[in-house]
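>>> Here's my sequence, what's the structure:
(one chain, ligands or ions: 1)
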Amino acid sequence: MPEPADSAEPPARADAPVILGDVPGSFPRSVLAERHPALIRKVRDAFPYGPDRQRALDALLKNSAEGVLEPLDAGAADRERWEVWGGSEHFGRSWFDVPFLWSESYFYRRLLDAVGYFVPGPWQGVDPFRPFKLAELDTPEAEAELVALDELAERPAADREEALLLGSLWGNRADLGFRLGAGGDGTATDSPLVVDEGEALRSLFAGGTLCLVADNSGRELIPDLLLIDHLLSGRRVERAVLHVKPYPYYVSDATTADVVDALRRLTAATGAAGASGHRLWSAMTDGRLTVRAHPFSCAPLPYADMPDDLRREFAGADVTIMKGDLNYRRLVGDRHYPATTPFAGTTAYFPGPVAALRTLKSDVVVGLDPRTETALVADRDQRWRTGGTHALIQVRR
Ligand SMILES: O=P(O)(O)OC[C@H]1O[C@](O)(CO)[C@@H](O)[C@@H]1O
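Numbers count the residues shown, from 1 in each chain. Okay, the predicted model is just below:
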């Protein structure tokens with residue numbers, strides 16, 4: 001079992017400025033000012049919400065563009081939680097003037113309010129992103145990825161592991177929120193990783209507990225599950241804990257319902273994919289694979305601020321894999337770091353070995369070799385940071 005790391009904040013975290021949404025022409029500003037209104041339109045088009053919900057969506061559109069952040073309604077079960085998570089400091093300020101991570105996360109919470117997700121009534125518990133998530137599972141691309149597993153099954157275990165790890169990594173490009181904006185520049189071929197510590201990660205699969213903090217459902221969650229199946233069935237890990245979101249978030253982020261949909265998709269498949277699905281189903285029923293939906297998974301805060309119960313959970317894992325861009329921002333801190341800031345320094349607080357598997361979709365990045373950064377900037381200015389065209393595997397033991 002790893003020893004808990006020193007929880008003191010390393011200097012790198014404290015020194016780098018927190019990313020805000022107020023800089024004209026910046027990526028965060030485009031998310032708040034362009035992607036969020038586009039998302040409201042998309043959700044509105046996907047459901048026949050009645051006049052009350054339509055009015056609530058109008059109000060959110062207006063408030064998020066020109067209003068100030070307001071507390072949750074008095075009856076909301078998590079009202080106090082959001083106050084503690086920073087609301088008491090941020091309420092009354094423009095959406096653009098608070099940390100980008102905070103306002104972007106709060107937008108999703110408010111969107112669920114607008115569609116009546118939390119209140120008794122016809123729309124309670126209806127995931128506004130579900131149609132998009134389900135459509136993803138049904139594409140020819142998703143089918144082709146499953147069929148390709150038959151060929152992969154013939155290969156040696158080490159090759160399979162490498163392929164499944166890369167499948168889980170690049171699966172992170174499948175992000176429905178990201179596709180709403182200018183994200184992706186049309187050159188979506190797998191480029192060399194900007195940091196590749198895949199081998200170090202694989203050396204941590206030594207028969208213990210894996211925590212995988214999931215990101216998107218659909219075409220990202222399926223490869224995540226396939227990787228977990230490979231690790232469990234090859235006894236590379238004894239137990240896996242899959243962390244998902246307790247409610248719909250950042251459009252396609254995986255919830256328990258999405259895990260079930262992904263498992264159903266797999267078990268309905270033929271060949272190696274179907275066999276994997278059935279093994280995963282059994283692993284869930286016998287407890288080797290558990291699903292967790294901790295409230296902090298939807299917190300607008302970095303993991304450095306995680307509560308003690310979650311800290312203990314990660315401390316008990318032999319390795320924790322953080323999937324995706326949002327988890328990366330939360331893992332290292334959503335700050336303007338120099339790209340060469342050591343990953344180990346920004347994650348020193350984390351209570352055990354931790355790895356990031358992420359395609360780059362926002363400004364934050366650490367742990368780059370200076371030559372890599374120079375080459376990336378020469379090639380595409382700063383677009384490599386946000387275009388989803390580049391990816392990394394980083395590990396801190
Ligand atoms: O699904 P992922 O990989 O966490 O990506 C989420 C990212 O997409 C964005 O929401 C932009 O659409 C970023 O601000 C965010 O970090």
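>>> now the nearest residue to residue 316 once chain neighbours are set aside, which residues is it bridged with?
Nearest non-adjacent residue to residue 316, counting by CB to CB, 6 or more residues apart in numbering: residue 209, 6.4 Å away. Heads up, the C-betas are built off the backbone N, CA and C, glycines and all. With DSSP bridges as the criterion, residue 209 is bridged to residue 239.
>>> Just list the residues touching residue 209, thanks.
The neighbours of residue 209, taking CB atoms under 8 Å, 6 or more residues apart in numbering as the test, are 237, 238, 239, 240, 241, 316, 317, 318.
>>> just the residues you listed now: which is nearest the ligand?
residue 241 (19.1 Å; CB to the nearest ligand atom).
>>> does the closest one count as helix, strand or coil?
Per DSSP: H, G, I helix; E, B strand; the rest coil, the secondary structure class of residue 241 is strand.
>>> That one touches residue 293, doesn't it?
No: judged on CB atoms under 8 Å, residue 241 makes no contact with residue 293 at a distance of 11.2 Å.
>>> Which among the contacts of residue 209 count as buried?
Among those, those buried by neighbour count (16 or more other CB atoms under 10 Å) are 237, 239, 240, 241, 316, 317, 318.
>>> Just want the phi and psi numbers for the last one.
Think residue 318. As for residue 318, its main-chain torsions (degrees, to the nearest 10) stand at phi -80, psi -30.
>>> Give me the nearest residue to it, chain neighbours excluded.
Spatial nearest neighbour of residue 318, chain neighbours left out: residue 208 (3.3 Å); criterion: CB to CB, 6+ apart.
>>> Could you verify my assumption that that neighbour touches residue 316?
No: at 9.2 Å, residue 208 does not count as touching residue 316 under the criterion of CB under 8 Å.
>>> quick one: stretch 100-119 to chain centroid distance?
Distance of stretch 100-119 from the chain centroid (CA atoms, centre = their mean, to the nearest Å) equals 16 Å.
>>> Enumerate the positions of that stretch that are buried.
Buried residues in stretch 100-119 (16+ other CB under 10 Å): 100-118.
>>> And for stretch 121-141?
123, 127, 128, 129, 130, 132, 133, 136, 137.
>>> Strands of the stretch 51-200 of the chain, start to end?
195-196 (DSSP state E, counting those that start in this stretch).
>>> any low-confidence regions in it?
Low-confidence segments of the stretch 51-200 of the chain (pLDDT under 70): 174-190.
>>> Apart from its neighbours in sequence, what residue is nearest residue 346?
residue 332 is the one closest to residue 346 (CB to CB, 6+ apart), at 4.0 Å.
>>> wait, I meant residue 287
residue 239 (7.9 Å).
>>> I figured the one you found was touching residue 212, is that so?
No: contact criterion CB under 8 Å: residue 239 and residue 212 do not qualify, at 11.4 Å.
>>> re the thing from before, adding pLDDT and distance to the ligand, write the contacts of residue 209 out as JSON lines.
Output for the contacts of residue 209, formatted as JSON lines (pLDDT from 0 to 100; distance: CB to the nearest ligand atom, whole Å):
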{"residue": "237", "pLDDT": "98", "distance to the ligand": "23"}
{"residue": "238", "pLDDT": "98", "distance to the ligand": "28"}
{"residue": "239", "pLDDT": "98", "distance to the ligand": "25"}
{"residue": "240", "pLDDT": "98", "distance to the ligand": "20"}
{"residue": "241", "pLDDT": "98", "distance to the ligand": "19"}
{"residue": "316", "pLDDT": "97", "distance to the ligand": "25"}
{"residue": "317", "pLDDT": "98", "distance to the ligand": "20"}
{"residue": "318", "pLDDT": "98", "distance to the ligand": "24"}
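>>> any chance of these in JSON lines, plus distance to residue 150?
JSON lines is the format used below for the contacts of residue 209 (distance: CB to CB, whole Å):
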{"residue": "237", "distance to residue 150": "24"}
{"residue": "238", "distance to residue 150": "27"}
{"residue": "239", "distance to residue 150": "28"}
{"residue": "240", "distance to residue 150": "23"}
{"residue": "241", "distance to residue 150": "29"}
{"residue": "316", "distance to residue 150": "36"}
{"residue": "317", "distance to residue 150": "32"}
{"residue": "318", "distance to residue 150": "31"}
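>>> Pick the one among those residues closest to residue 221.
residue 240 (13.3 Å; CB to CB).
>>> contacting residues around the closest one?
209, 210, 211, 212, 228, 231, 232, 283, 288, 289, 290.
>>> Filter those residues down to the buried ones.
Among the contacts of residue 240, those scoring as buried are 209, 210, 211, 212, 228, 231, 232, 283, 288, 289 (criterion: 16+ other CB under 10 Å).
>>> how does the chain divide up, domain by domain?
Per the record, the chain has its domains at 19-128, 133-396, by automatic domain parsing.
>>> Between its first and last residues, what's the separation in the last one?
Taking CA to CA, to the nearest Å as the measure, domain 133-396 stretches 32 Å from start to finish.
>>> Name the residues of the stretch 251-397 of the chain found near the ligand, please.
324, 325, 326, 329, 361, 362 (CB under 6 Å from any ligand atom).
>>> just the helices in the stretch 1-150 of the chain please.
11-15, 27-30, 36-46, 51-66, 79-82, 88-90, 100-114, 130-137, 140-152 (DSSP state H, counting those that start in this stretch).
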